[in-house]
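# here is my input, please return the structure:
(2 chains)
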Amino acid sequence: MIQDSLTNKNGMTFAFNSFTQFENVGHSMCAPSYRLQPKCAEEIYEVFRLAKKNGLTVTARGAGRSYNDAALNGGGILLDMSAMNRILEWDRSTGLVKAEPGVTLEKLWQRVEPDGWWPPVVSGTMRTTLGGCLAANIHGKNNFRMGPIGEHVVEFTAMLPSGAEVTCSPKLNADLFYSMISGLGMLGIFTSITMQMKKIESGLLEVHAWPVHDLREHLSFIQEKAPDFDYTVGWMDTMAGGKGLGRGQIHAANYLHGNEDPNGRETMKLENQVLPSRIFGVFPKSILYIFMKPFANNLGWWGVSTAKYVASLWQHTFRQSHAAFHFLLDYVPNWDLSYGRGGLIQHQSFLPKETAEAAWREMLSLSLKRGLPSYLGVTKRHRPDHFLLTHALDGFSLALDFKVTDHNRKSLSQMLKEFDNIVIEAGGRFYFAKNSETSREHTRAFLGDETLTKFKKLKKRCDPDNLLESDLYRRVFE
Amino acid sequence: MPDSSQAHEQTANRPAPATPLHPRRRGVIIGASEGLGAALARRLAREGFSLALLARRKDKLEALCNELNSSTSGVCAFPYVHDVTQYEEIPSLLRKVVADLGGLDLVIFCAGINRPPGGIDRYDFENDRQMIETNLIGAMAWLTPIAEMFHSARTGQIVGIGSVAGDRGRVGNPGYNTSKAGLATYLEALRNRLTRDGVHVLTVKPGFIQTNMLKAAQGGTPFVIPPEQAAEDIWKAIRKRKQQIYTPGRWRWIMLAIQYTPSFIFRKLSL
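Reported below is the predicted structural model:
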């Protein structure tokens, strides 16, 4: 029982032995919280009651794969949702799945794929949970076509701190539907999620790879190619300046239909979807990150990036399993550890297609000039959606990973502030699962007062005692 | 269960949120209003700590917080009025402090009183009891839940302020000697329990420090140092994760000699 994990028998003292140190995915932030693991909606409500009684705040945590403080609540209660991880219903004829919020994308795709279905929107890692995906309203490499994950949710139930368990769909409680998805877990906690899967006829994708030689070509290529493909994503060589600024490689992929994959039934089987655990059949990938460490500096990474760019000049087409194409972040296990003690942070900006090139040219030049280059740049194409705290717009996104060290904190902080100014100036937006330094002023600037007022009003209605608070919430909304 | 729903009204009382590029360590100093506690608060504020400062005297505590908050960039120190002998309020106060700070990295137990009986022919149980209740049981009441938290989180630093007076039972102030000896043993036991879980426990044994407590000292007071110097020594020891220090350092050799003085001689001395 949750009660026992919060109080001892005589109900006098708090159970301090549930205190646990939690991190973000990049190991660059940590905060300790009282960890509680509810198994059902009633236990979530129990936690709300105890939190209120003890003057504590509550944050739900799925897999903790956010790059920032979205799933951290220093000094408060962290609801570890991993015990609510059952797939409740799966209908292989309609593709409707009903699951608890702690179900990971890994568990989901492994259940539905052998039956010829695939989650319509997935993140770059399969470790994320459905609850976390909805709270951040994640997008995939097909955002321009399929929208965020929220558009494929048929219905969900959620426990509100006020004690009500609500059912929401685009028709029923629509205001809550469009605000709790993207609502960062600050309005209520999902208790079940019903989603529509996408029908597939093969376990493989046909992937095309092209080199792009500068930023303009990079963006126009994505924009032109996107309509012809189901998925599009770009890698940017962020170490290259001058004429080569923004150069990189575009990957675009299509589902295979009908006879394109004569062995469709076969390739959809799980054994044909596993990520190889060894490179060249011999080298175990689980220790690869140790060998990446010596390269995680400006010179080493310049070498790696340049080599990768040269290799990408070879334009080619190949077939790849869904798992291998989508879950690139799982391809090198523990890659996040290669960034060393200070960890990593990500700055992702979403810019309208008209202003993106100029703004990113300025940002990338700035990072090279300051000697603070990003080690990984990823570009995607997006379209707007109707969710309240949306990050998407008709344009592109650029995600930049930065290594944090004791020496670069001050200069990196200054540069990211300038980045945020550039993004706001260019009419851009930010994504709450990513940026860890974005201020509340910049947040207000991109969301707008109207949206913020609406969000606060909903928060007051669902959570009158302000029980749901994360470190992210306190950073950007308070 | 004590109701502390007023904690929610205090959310404005929280330090600025930490981010990867603006990390903030979080510290609690129990017994912070003056003397060594106040000097430690100033030292840690300079290092960028967010601090919860606890003491009995509200006016002194608030004055110190105001001083710290006006001298550093951004508000960093928050006052909590508390008497360490109010044992039953400690768990809920600790929970509140940790929630307000957004976590906890360092705890310094600095609360202490010195009430000598006033002569080697005088005995005063009431004074002795008060010293044990503050210096030893107060420390145990605080450090028990803190040790439990740090043990479970597998991180954290605990600092206890003992005294050279705890190294030997002496004629002048048996109660004080006992409280500090007990504290040193308690801290040693915590260290032995917690080191394996990544928790650091530091025992500080100051000699004479230029504070109000010095007035209570019996006999001569050699090598008096200002509290700032002791705070500097303690900060160094925290950074280097030392197990035990004397401040100033020369007391280590003096106390070594005193500790090994045979009883048949020690009994005859008026130390």
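# got the residue ranges for the helices in chain B?
B:35-46, B:58-71, B:90-101, B:125-131, B:138-153, B:174-194, B:227-239, B:251-259, B:263-266 (DSSP state H).
# which elements pack onto the fourth one?
What that stands for is helix B:125-131. helix B:174-194 (3 or more CB pairs under 8 Å, 6 or more residues apart in numbering or on different chains; DSSP states H and E). (Each C-beta comes from the backbone N, C-alpha and C, glycine too.)
# quick one: contacts of the longest helix along chain A?
Ranked by residue count and defined by DSSP H, the top helix of chain A is helix A:409-425. Residues outside helix A:409-425 that contact it (CB atoms under 8 Å, 6 or more residues apart in numbering or on different chains) are A:342, A:347, A:349, A:351, A:359, A:362-363, A:366-367, A:370, A:372, A:402, A:404, A:429-430, A:435, A:437-439, A:442, A:445-446, B:20-23.
# show me which of those are buried.
A:342, A:347, A:349, A:351, A:359, A:363, A:367, A:372, A:402, A:404, A:429-430, A:435, A:437-438, A:442, A:445-446, B:20-21 (16 or more other CB atoms under 10 Å in any protein chain shown).
# and those residues, which of them are in strands?
Taking DSSP state E, the ones among the buried ones among the contacts of helix A:409-425 that sit in strands are A:His347, A:Ser349, A:Leu351, A:Phe402, A:Arg429, A:Phe430.
# ok, so of those residues, who is nearest chain B?
A:Phe402 (9.2 Å; CB to the nearest CB).
# tell me if I'm right that the closest one and A:Gln346 touch.
Yes. Between A:Phe402 and A:Gln346 there is a contact at 7.4 Å, judged by CB atoms under 8 Å.
# in the stretch 251-400 of chain A, which spans are strands?
Assigned by DSSP state E, counting those that start in this stretch, the strands in the stretch 251-400 of chain A fall at A:278-279, A:283-284, A:316-321, A:344-352, A:376-382, A:395-403.
# indicate which one of those is closest to A:Gly150.
strand A:376-382 (13.9 Å; CB to CB).
# any buried residues in that closest one, and which?
A:Leu376, A:Gly377, A:Val378, A:Thr379, A:Lys380, A:Arg381, A:His382.
# pLDDT and distance to A:Ala209 added to the ones in strands among the buried ones among the contacts of helix A:409-425, as JSON lines?
Compiled in JSON lines, those are given as follows (pLDDT from 0 to 100; distance: CB to CB, whole Å):
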{"residue": "A:His347", "pLDDT": "98", "distance to A:Ala209": "26"}
{"residue": "A:Ser349", "pLDDT": "98", "distance to A:Ala209": "25"}
{"residue": "A:Leu351", "pLDDT": "98", "distance to A:Ala209": "24"}
{"residue": "A:Phe402", "pLDDT": "96", "distance to A:Ala209": "26"}
{"residue": "A:Arg429", "pLDDT": "98", "distance to A:Ala209": "29"}
{"residue": "A:Phe430", "pLDDT": "97", "distance to A:Ala209": "29"}
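# just the pLDDT at the one residue sitting closest to the centre of chain B, thanks.
Centroid-nearest residue in chain B: B:Cys110, 2.0 Å away (criterion: CA atoms, centre = their mean). For B:Cys110, the model assigns a pLDDT of 97.
# which residues does it contact?
Neighbouring residues of B:Cys110 by CB under 8 Å, 6+ apart: B:Ile29, B:Ile30, B:Gly31, B:Ala32, B:Leu36, B:Gly37, B:Leu40, B:Ile161.
# next, count neighbours for the first one.
By that I understand B:Ile29. As a burial measure, B:Ile29 scores 27 neighbours (other CB atoms under 10 Å in any protein chain shown).
# that one pairs with what?
B:Leu53, B:Ile108 (DSSP bridges).
# and it, what does it touch?
Counting by CB under 8 Å, 6+ apart, B:Ile29 makes contact with B:Gly37, B:Leu40, B:Ala41, B:Leu44, B:Leu51, B:Ala52, B:Leu53, B:Leu54, B:Ile108, B:Cys110.
# what does A:Gly102 give?
A:Gly62, A:Met81, A:Ser82, A:Ala83, A:Met84, A:Asn85, A:Thr129, A:Leu130, A:Gly131.
# hmm, back to that, can I get the strands of the stretch 251-400 of chain A in TSV with distance to B:Lys96?
Shown next, in TSV, are the strands of the stretch 251-400 of chain A (distance: least, CB to CB, whole Å):
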stretch	distance to B:Lys96
strand A:278-279	52
strand A:283-284	48
strand A:316-321	52
strand A:344-352	31
strand A:376-382	41
strand A:395-403	36
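# pLDDT below threshold where in the chain?
Going with chain A. When residues are selected by pLDDT under 70, those of chain A lie in A:1-14.
# if you could check chain B rather than the one you did, that'd help
In chain B, residues with pLDDT under 70: B:1-12, B:218.
# and whichever residue of the stretch 251-400 of chain A sits closest to chain B, how close does it get to A:Val25?
The stretch 251-400 of chain A approaches chain B most closely through A:Ile345 (4.9 Å), counting by CB to the nearest CB. Separation of A:Ile345 from A:Val25 (CB to CB, to the nearest Å): 10 Å.
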